[in-house]
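J.: quick one: sequence plus predicted model below, questions after.
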Amino acid sequence: MDEYAQEINDLLHSILFNQQRLFNEKSNKYDLTVQQARTLELIEKTPGMIQRQIAESLSIRDASVSSMLKNLERDGYVIRRRDRHSDRNKRIFLTDRGTSVIKELGHMFAEVENQVVESLSSTETQGLLTLLHKMDNEISE
């Protein structure tokens, strides 16, 4: 089985790379990276998150999130408000501009994500999901 491990990893990497490339092409008019768009999507789903929660949810460093949030705030996509229970924490919310953009980007995300599996039958998709969950569980433990 080891003979296939490298090819599987290469294909998974290629799929993710190409998915990001397609998204970047479609989202170019907003001048947002995939990571920034995913951050906006996360904030839309969970308004009022703090920076540390965003970092944990996206599996990226606090410093990277801090820099990204500064840029998103500068560009008018998010606003940071002080937490009324803790002066150290700031809660992050989408602005009207952020909400508007994430609605449009949500359609683009779905389009790109669907493109990855559109050539698969329902049975193939279910089988692939089963295998990917099995692989994810193996390396998550």
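T.: Alright, I've got the coordinates.
J.: show me where pLDDT drops low in the chain?
T.: By pLDDT under 70, the low-scoring segments of the chain are 1, 141.
J.: the helices in it, which residues?
T.: Applying DSSP state H to the chain gives helices spanning 2-26, 34-45, 51-58, 62-74, 96-117, 122-140.
J.: save those helices as a markdown table, and put in mean neighbour count and distance to residue 80 too.
T.: For every residue, glycine as well, the C-beta is placed using N, CA and C. Below are the helices of the chain laid out as a markdown table (neighbours: other CB atoms under 10 Å; distance: least, CB to CB, whole Å):
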| stretch | mean neighbour count | distance to residue 80 |
| --- | --- | --- |
| helix 2-26 | 12 | 26 |
| helix 34-45 | 19 | 11 |
| helix 51-58 | 16 | 9 |
| helix 62-74 | 15 | 6 |
| helix 96-117 | 15 | 12 |
| helix 122-140 | 10 | 32 |
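J.: compare those and give me the one nearest residue 83.
T.: helix 51-58 (11.0 Å; CB to CB).
J.: by contact count, what packs against that closest one?
T.: helix 34-45, helix 62-74, strand 86-94 (3 or more CB pairs under 8 Å, 6 or more residues apart in numbering; DSSP states H and E).
J.: if we go to 7 Å?
T.: Helix 51-58 sits against helix 34-45, helix 62-74, with contacts defined as 3 or more CB pairs under 7 Å, 6 or more residues apart in numbering; DSSP states H and E.
J.: that one vs helix 34-45, what angle?
T.: Relative orientation of helix 51-58 versus helix 34-45 (axes from the mean of the first three to the mean of the last three CA atoms, to 10 degrees): 110 degrees.
J.: tell me how far helix 51-58 is from the chain's mean position?
T.: 11 Å (CA atoms, centre = their mean, to the nearest Å).
J.: so what touches it?
T.: The contact list for helix 51-58, computed with CB atoms under 7 Å, 6 or more residues apart in numbering, reads 38-39, 42, 61-62, 65-66, 69.
J.: could you dump that helix to CSV, C-alpha only?
T.: What follows is helix 51-58, C-alpha atoms only, in CSV (Å, rounded to 0.1, in the frame of the first residue of the first chain):
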residue,chain,number,x,y,z
GLN,A,51,-9.0,36.3,17.3
ARG,A,52,-7.9,33.1,19.1
GLN,A,53,-11.1,31.3,18.1
ILE,A,54,-10.5,32.2,14.5
ALA,A,55,-7.0,30.9,14.6
GLU,A,56,-8.1,27.6,16.1
SER,A,57,-10.9,27.2,13.7
LEU,A,58,-8.7,27.8,10.7
